[in-house]
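In: Got a predicted structure here, sequence first:
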Amino acid sequence: VLETADQLRKDCQQVEQELNALAQSVFLEMFGDPSINPKNFPLGTIKNLVEEVKYGTSEKADETIGDFPMLRMNNITYTGEWNFSSLKYANLDKKDHEKYLTKKGDILFNRTNSRDLVGKTAVFREDTPMAIAGYLIRVRVNNKANSEYISAYLNSIHGKQTLQHMCKSIVGMANINAQELQKIKILMPPKQLQDEFDNKLTKIRAQRKINTTQFTEYNNLFNALLQKAFKGELDLKSTEQA
């Protein structure tokens, strides 16, 4: 019974991996490998696609008290997703709201981290604004770009390699500043194609959300069965009937 319940959890993890691979496959299908540009898109720089680039605040964050949740470098995953499980909080003067708060569609870029992790990038998709810490850069795109495309580009194999080659190491930490970020070369496909890519990603994320909910349910089931097994309370007959 426990093996069956555990297998359900593993199946969900496998689906998660396949959905991540699907997102990468969709990127390559629509835009090609950026290192060889098989679709002959114009080449530009990230600066050509953005209207604003801002550093985060140096305001100290608190574990529980503050007007706004604060996004830090650990909240961005290596694959370009979000982990909100360990948020801290900060107060901001009203005059600093425009400078340090996120809007839906902003790109957040981790400018300082270990060499392997510097440059973690994700699109902020929440409706409620959050503050950004100093190790993050907030990027807002212009009308030539879709945030999801730029983020996926930087999270691609080509993008990761580009970031690793360009980062500078300072006392054991690697760094890419806002000016260097804007100088990164990037393919510039039509905006309509970028928007189509965004729509496909939205469907993949919806499936990922369903899968995450399923994993939580299976994980809770496994833990409940495990506790009953240790206490000798697991009724195998009723479980088999169920």
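Out: Yes, it's here.

In: so where is the protein shaky, pLDDT-wise?
Out: Where the chain drops to pLDDT under 70, the residues are 236-242.

In: Go again with 50.
Out: 239, 241-242 (pLDDT under 50).

In: quick one: contacts for the most centrally placed residue in it?
Out: Closest to where the C-alpha atoms of the chain average out (CA atoms, centre = their mean) is Glu81, at 2.1 Å. Neighbouring residues of Glu81 by CB atoms under 8 Å, 6 or more residues apart in numbering: Ala122. For the C-beta atoms, the positions are set from N, CA and C on the backbone; glycine is no exception.

In: Look up how far Glu63 lies from it.
Out: Applying CB to CB, to the nearest Å, the value for Glu81 to Glu63 is 23 Å.

In: mind listing the strands for this structure?
Out: All strands of the chain, identified by DSSP state E, fall at 43-45, 50-55, 68-71, 88-90, 107-110, 112-113, 121-123, 131-132, 136-141, 168-170, 173-175, 185-187.

In: same for the longest helix along the chain, what does it pack against?
Out: Longest among the helix segments of the chain by residue count, using DSSP state H, is helix 191-231. Counting contacts by 3 or more CB pairs under 8 Å, 6 or more residues apart in numbering; DSSP states H and E, helix 191-231 packs against helix 2-31, helix 147-155.

In: redo that, cut-off 10 Å
Out: Where contact means 3 or more CB pairs under 10 Å, 6 or more residues apart in numbering; DSSP states H and E, helix 191-231 is packed against helix 2-31, helix 147-155, helix 236-241.

In: And these: which comes nearest Lys200?
Out: Nearest of the helices and strands packed on helix 191-231 to Lys200, taken as CB to CB: helix 2-31 at 5.2 Å.

In: How far off centre is the closest one?
Out: Remark: helix 2-31 is offset 16 Å from the chain centroid, using CA atoms, centre = their mean, to the nearest Å.

In: what do you get for stretch 164-184?
Out: Offset of stretch 164-184 from its chain centre (CA atoms, centre = their mean): 19 Å.

In: For it, buried residues please.
Out: Cys167, Ala174, Asn175, Ile176, Leu181, Gln182, Ile184 (16 or more other CB atoms under 10 Å).

In: Same check on stretch 190-206?
Out: Going by 16+ other CB under 10 Å, stretch 190-206 has these buried residues: Lys191, Gln194, Glu196, Phe197, Asp198, Lys200, Leu201.

In: Could you do stretch 133-150 as well?
Out: 133, 135-141, 145-150.

In: Now stretch 141-154 - C-alpha only, PDB.
Out: The C-alpha coordinates for stretch 141-154 follow below in PDB (Å, rounded to 0.1, in the frame of the first residue of the first chain):
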ATOM      1  CA  VAL A 141       9.900  45.500 -21.300                       C
ATOM      2  CA  ASN A 142       8.800  47.900 -24.100                       C
ATOM      3  CA  ASN A 143       6.300  47.200 -26.900                       C
ATOM      4  CA  LYS A 144       8.700  45.100 -28.900                       C
ATOM      5  CA  ALA A 145       9.000  42.300 -26.300                       C
ATOM      6  CA  ASN A 146       7.100  39.800 -24.200                       C
ATOM      7  CA  SER A 147       8.500  39.300 -20.700                       C
ATOM      8  CA  GLU A 148       8.100  35.500 -21.000                       C
ATOM      9  CA  TYR A 149      10.200  35.300 -24.100                       C
ATOM     10  CA  ILE A 150      13.100  37.200 -22.600                       C
ATOM     11  CA  SER A 151      13.000  35.100 -19.400                       C
ATOM     12  CA  ALA A 152      12.800  31.900 -21.400                       C
ATOM     13  CA  TYR A 153      15.800  33.000 -23.500                       C
ATOM     14  CA  LEU A 154      17.900  33.700 -20.400                       C
END
